[in-house]
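Asks: Any chance you could fold what I've pasted below:
(chains A and B)
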Amino acid sequence: MSRRLSVGFVSPFPPVRSGIADFSAELLQALLPLVDAVPYSPEEAARASASGHDVLLVHIGNDPVHRGSYEMLTDDERVTPAVVTLHDYSLHHLFAAAYLDAGREDAYGRELVRNHGEKGRQLWERMRGGARIPVWDLDPWSYPMSTEVIRRAEILVAHSRLVAGSALRACPDTDVVELPLHVVPAPRTPREAARRALGLPLDRPVAVTLGLLTPAKRVGKVLEALGSLPPGRRPFLFVGGTVPDDDPLRAAVRQLRLERDVAFGGYLSEEDFWRAASGADLAVNLRYPTVGETSGAVCRLAGFGLPLIVSDAGWFRELPDAFATKVPVGAREVEALAAELSNLAFDPSRAQRRGEAAAEWGARRRPDHVAAAYTIVLTEAAERRGRPRALSGRLGVELSSLGVGRPGTFHSTSREPDAALVAEVSTRLAGLLPLRPVPSFD
Amino acid sequence: MARVLVCSAQVPFASGGAERLAAGLVRELKEEGHEAELVQLPFKWYPRPEILLSAMAWRLLDVTEADGKQVDLVIPMKFPSYLVRHSNKVVWLIHQFRQVYDRFGTSQSDFTASPEDTRWRELILETDRTGLTEARKIFTISKNTAERLRRFNGIPGEALYHPPPLAGRYRCGESAGYALTVGRLDPWKRVDLAIAAAASGKFSLVIAGTGPDEERLKRLAGKSAAEISFRGAVSDEELLELYAAAGAVLFTPADEDYGYIALEAFLSKKPVVTCSDSGGPLEFVTDGETGRVTSPDGTALGEATAKILSDRPLARRLGEAGFERMRGISWSAAVKALLLAGGIA
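Replies: Residues are numbered from 1 along each chain as shown, chains lettered A, B, ... in the order given. Below is the predicted model:
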C-alpha cells in the first residue's frame, strides 16, 4: 500500500471524561503523522464503517458509551476490517447498562447467548423465569460478554498478557497482539513547590495513592500497614480521589491514630495529579480483585519515575520487578506492605534506582513508539494479512484437556490462571510463527 | 522384545530416589532383553503457570514412534510425565504434585485458599485426571501413594513394590551399638525427631546424607547431649557398611511415599523404628514384629530405639523378620507386572 493508510478511529474522545477518551486523544495525535486517521465517537461508529476507510481502529471498554462501537463491529454487513483494542476483558456492564437499564431486556439476553452460548442461554432463561440474578455482580470471569468482540476483530489488541491469554482462551483462533498502554511525558513541578501546593509535609517521605478510588484499591490495607509501623518509620500518605466524609477510611485513620500521617486530597485535576506525583517518593496503588484490567494511573506513575508498590495480582504481576514491588493479597499483605513502605521511603538510593527503572520503562512506551506499532498492526489488518493459526486448534484441545476453560472441582471463580497459562503457551510458541514486526517494549 | 520408554520429570541438578527408580527400571528392562530408554523433561514449579506448561510439554510430544519404529509401551512415573500421549500407557506412579494434595494447608505447600490458587489446584487436578485415566493401568510405588490417589482423585491404583538401589549387596554385621538415619536432609524428613530421640534415649546416632536442612540439624545436634555424627554424602560401600554395623535404623519422615530406608534396613537385617504418620514405611514396619512404630515425638522414639539397641536378641529377631518381609519384592516381579499390564507377555 503506497498511499497513506486511511483509518477510522472509533472511540470516545474528550470532552467525554474517561480514561479511554484521554488515551485515545493522545494516541490519535501520535498516529496523525503516520496515517490518515479520522476520529469518530461510538455513536458515529456506523458512519465510520461506511466511510470507505482502509481499516477501523476501535477502542472499547466496559461502559455503555461503547454500545455503538459494539453494534457496528457485530454488524454482518460490515466490510471494513477492524483492529479492536480491548481495554477491559469484561464488558458485562456495557450490556447491562446499555440494554437492561434501557428496558431492552431481549437485547441483553441475545447478547448473553451470542457471547456465552448454552451457558448464556441458561442464565437468560433463569432471568426470564424470574430468578433473582445479581446482574451487576455476576462473576466477571464467568460472563465477561467479550467473546463476540474478540471474534469480530480482525486483530485484537490487548494491553497485557493476561487479557491476551483470556482472549485466546475464549477464542483460540484470535489474532491477538499485545501493545502497551502508552505513557505520556508528564509536567514536573519541583518537589518542594509541589508539596507546598498540596499541603504535604516537607520534612518526611511521601507516598501517594492516586487514581479512581474504589474498594479494590485496598487503601484500608495501606492504612493498616502505616499504623503497624513505628511513627519514625512511616512515610506520609497522600490519597488522591474522592473520599466522602462518612467513608470508613476516614474512621480508620482516626482509629489507627494516623491523623498526622495521612491526607485525603479529593478529586485531583490533571495538574494536581502530576503535582502529587512530583511531591512523592513512591506510589502505592494496590488492586484486588481485578478482572485483568490495566491501570492507566499506575502506568503514568511508573512513567513519571516513581517506584511502585502494587498487588501481586492480575496485570500488576506483569510489571517488572525492577521497580514494582508486588505484595501478596491475603494473610501477609499488611506485613509485606508495611515493610516495603518503610523500606522504600527510608532508603532513598534504592527508591531512586527503582524510580529510574520505572522511568526507563515509561520512556519505551511513549505514544510515538506505540503509534508506530499500531500502524504496523493496522496495515496488516487492512491488507488482511492474518497470522498463521494452524497451531491454535491443537493447543486449544490440549489446554482444554488440562481443564483450561472448564469448570473445576472446587467451583473456583477465578480464571486468571487459565489466562496466564494460555498467554504463556502462546508467547512461547509465537517464536515458531512468522513474526509480526512490532517493536519490543521491554 | 518390546520397545519401552520410561518417562519422568526431573528437577535439574536434584537427584533422589525417584531418579534412581527410573534409571533402575530402564536397567532392569534391558536386563530382561527389552529395548528401553529414559525420557526426561526438566520440571519447574514456579511461577504457577510453569507447572502446567510442563504438562503441556509432555502433551505435545509424539512418542508413538522412534526412528520409524513403533514404541510399544510408555511407563510414566512422575507428575506431569503421565500427560504423555500413547495408546499403551502404563503408569507407575511415584507421586503426584503433592503441594496441591496432601501437603495443601501445611507448611510444605505455598498454595493458599485464594480463588486464584484454588483455580490452579483445580487445573492440576484436572490435568491429573486426564493424564492418569488415559492409562491402561495405574501402578503406584506404594499403598500410600495409591491411597492418596484414591482419596484425592477417586482413581484406583495398585501398589507395585520394587527393591532398593543396592539390592543384592546389603549385608548384616555385628551391631556397633549406634542408631542410623539415612536420607536427604529435608525438613519433611524430620531428622530433628531422630536427634531428639537420641538425646532422650541417650544413644549414639549416625546421620548419612546431605540437604537443605543440614545446618539447622547440625546446630540442633550441637546442643544435644547425645553423640551425633554427620557423615554427609556417603559412597555405596560406606552406606552398606553403615547399615551392616547399625544396631537399629531410625526413619522418621512425614508421610513418605515409599521409603527405601526401611527396605534397605530390612535387607541388612536391621530393625526399623518409625512413626505412626510416616506413610510408606508403615507398609513394611509392623510394631513389635519388624521394628517399632511410635508417635512422632522424640521421647517415644528414643525409648523404643534405646530398648532395641540394648537388647541384641530382640534386635536380631526384629531384623530377621524384616528380612523375611522383603521376600517377593524383586525387580523381575515388578518388570513382569508392568509389561503384562501393557499387554507384553
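Asks: Run through the strands of the stretch 51-200 of chain B in chain order.
Replies: In the stretch 51-200 of chain B, the segments counted as strands under DSSP state E, counting those that start in this stretch are B:65-66, B:69-70, B:73-76, B:90-93, B:137-140, B:158-159, B:179-182.
Asks: To chain A, which of those lies closest?
Replies: Shortest distance between chain A and these, using C-beta to the nearest C-beta, is found for strand B:73-76: 15.2 Å. The C-beta positions use only the backbone N, C-alpha and C, and glycine is treated the same way.
Asks: elements contacting that closest one?
Replies: strand B:3-10, strand B:90-93, helix B:331-341 (3 or more C-beta pairs under 8 Å, 6 or more residues apart in numbering or on different chains; DSSP states H and E).
Asks: Show residues contacting that strand.
Replies: With contact meaning C-beta atoms under 8 Å, 6 or more residues apart in numbering or on different chains, strand B:73-76 is reached by B:2-8, B:25, B:58, B:63, B:82-84, B:86, B:88-92, B:131, B:135, B:338-339, B:342, B:344.
Asks: hmm, back to that, just say which of the helices and strands packed on strand B:73-76 is most tucked in.
Replies: A comparison of those by mean neighbour count, using mean count of other C-beta atoms under 10 Å in any protein chain shown, puts strand B:90-93 on top with a mean of 27.
Asks: In CSV: the helices and strands packed on strand B:73-76, plus mean pLDDT and distance to residue A:169.
Replies: Converted to CSV, these look like this (pLDDT from 0 to 100; distance: least, C-beta to C-beta, whole Å):
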stretch, mean pLDDT, distance to residue A:169
strand B:3-10, 96, 25
strand B:90-93, 98, 28
helix B:331-341, 96, 36
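Asks: does residue B:143 really touch residue B:283, like I thought?
Replies: Yes - the criterion here is C-beta atoms under 8 Å, and residue B:143 meets it with residue B:283 at 5.3 Å.
Asks: Now for the two: what residues contact both?
Replies: Listed contacts common to residue B:143 and residue B:283 are residue B:159; contacts here mean C-beta under 8 Å, 6+ apart.
Asks: follow-up on the earlier one: between the helices and strands packed on strand B:73-76, which one is nearest to residue A:406?
Replies: For the helices and strands packed on strand B:73-76, the distance to residue A:406 is smallest for strand B:90-93, at 22.6 Å, taking C-beta to C-beta.
Asks: Outside of that closest one itself, list whatever touches it.
Replies: Under the contact criterion C-beta under 8 Å, 6+ apart, strand B:90-93 has outside partners B:25, B:73-78, B:82, B:131-132, B:135-141, B:145, B:149, B:157, B:160, B:338, B:341-342.
Asks: what's stretch A:215-225 in contact with?
Replies: Residues from elsewhere that reach stretch A:215-225, judged by C-beta under 8 Å, 6+ apart: A:209, A:211, A:213, A:237, A:239, A:241, A:248-249, A:252-253, A:256, A:258, A:262, A:284-290, A:311, A:333-335, A:337-338, A:341.
Asks: per-residue pLDDT, residue A:390?
Replies: Here the pLDDT value assigned to residue A:390 is 44.
Asks: Up against chain A, what does the stretch 101-250 of chain B have?
Replies: B:112, B:114-116, B:118-123, B:125-127, B:130 (C-beta under 8 Å from any C-beta of the partner chain).
Asks: So residue A:328 is in contact with residue A:309, correct?
Replies: No - distance between residue A:328 and residue A:309: 11.8 Å, which falls outside the contact criterion (C-beta under 8 Å).
Asks: Show me which of these two is the more surrounded one.
Replies: Per other C-beta atoms under 10 Å in any protein chain shown, whichever of residue A:328 and residue A:309 has more neighbours is residue A:309, with 24 against 17.
Asks: Tell me how far residue A:413 lies from residue A:140.
Replies: Going from residue A:413 to residue A:140 by C-beta to C-beta, to the nearest Å gives 9 Å.
Asks: Not counting its neighbours along the chain, what's nearest residue B:231?
Replies: In this structure, residue B:231 finds its nearest non-sequential neighbour in residue B:208, 4.6 Å apart by C-beta to C-beta, 6 or more residues apart in numbering or on different chains.
Asks: domain assignment for chain B?
Replies: B:3-162+B:329-341, B:179-325 (automatic domain parsing).
Asks: End to end on the longest one, go ahead and measure it.
Replies: Yep, that's domain B:3-162+B:329-341 we're talking about. Between the opening and closing residues of domain B:3-162+B:329-341 there is a gap of 15 Å (C-alpha to C-alpha, to the nearest Å).
Asks: Give me the buried subset of the contacts of strand B:90-93.
Replies: Among the contacts of strand B:90-93, those classed as buried by 16 or more other C-beta atoms under 10 Å in any protein chain shown are B:25, B:73-78, B:82, B:131-132, B:135, B:137-141, B:145, B:149, B:157, B:160, B:338, B:341-342.
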